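Participant: Provided below for reference: sequence and predicted model.
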Amino acid sequence: MRDCITERRVRRIEEVLSRRQTDLTLVINNIHDPHNVSAILRSCDAFGIHRVHLLYTDTAFPALGKKSSGSAKKWVETVRHKDAASLAAALKGQGFRLVATSFTETAVPLQKWDLTTKTAIILGNEHSGVDEDLAPHVDGALYIPMMGMVQSLNVSVAAAVILYEGFRQLEAAGRYGAPCIEAEEMARLVKLWCSK
């Protein structure tokens, strides 16, 4: 732990960790642009998302900057998965449903989803969308209703909109008022975060 850590800093870390949400997560799937990935992680931190999952099957995870939104990567845990089947098995084994972002006819508007239940939302590549290998494992699809001529958002903006809706629902359910992380894990994380 750093020698210069202050009581105030420790309290701030404890407060942030006490609001981290473990039942809502994102899957970042082959998103190439480091600026988009950094912005997604910044939104995760802002809305209290504890962990995100990474599925990169056709490219390496992009190198992220150390300043601005890139710095959010140290406050949001990431879990890498080697393929769609292992990602689905891991998340479904923890009780998560997998929801893809999509414009298909069966996609349901974002606000119709109950995001207070264990949900992993898959954000696909900027050009090709969600990896086809994930399709057999997906439990449903969502889209963000839009009123303009352009019917798509930048992936990092879409992530922020989705996470805000999740925040709105979780806040209304009182979920930010009690820690989701067990006491022993909380103590470990406080120590880890104090060293960053």
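Facilitator: Good, I have the coordinates.

Participant: which of the residues in stretch 115-128 are buried?
Facilitator: 115-116, 119-125 (16 or more other Cβ atoms under 10 Å). Placement of C-beta: from N, CA and C, glycine included.

Participant: a markdown table please, covering those and showing distance to R20 and secondary structure.
Facilitator: Listed next are the buried residues of stretch 115-128 as a markdown table, based on distance: Cβ to Cβ, whole Å; DSSP: H, G, I helix; E, B strand; the rest coil:
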| residue | distance to R20 | secondary structure |
| --- | --- | --- |
| L115 | 15 | coil |
| T116 | 15 | coil |
| T119 | 16 | strand |
| A120 | 16 | strand |
| I121 | 17 | strand |
| I122 | 21 | strand |
| L123 | 20 | strand |
| G124 | 25 | coil |
| N125 | 27 | strand |
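
Participant: where does the protein have low pLDDT?
Facilitator: 1-4, 66-70 (pLDDT under 70).

Participant: ok so, going back, the buried residues of stretch 115-128: which two are farthest apart?
Facilitator: Farthest-apart pair in those is T116 and N125; separation 28.2 Å (Cβ to Cβ).

Participant: Distance check, L115 against E185.
Facilitator: Counting by Cβ to Cβ, to the nearest Å, the gap from L115 to E185 is 23 Å.

Participant: nope, G140 is what I was after
Facilitator: G140 is 30 Å from E185, by Cβ to Cβ.

Participant: again, but for V99
Facilitator: Per Cβ to Cβ, V99 is found 26 Å from E185.

Participant: For the residue positioned nearest the centre of the chain, give me phi and psi.
Facilitator: Taking Cα atoms, centre = their mean, the centroid of the chain lies closest to L26, which sits 3.3 Å from it. Reported as degrees, to the nearest 10, the phi and psi values for L26 are phi -120, psi 150.
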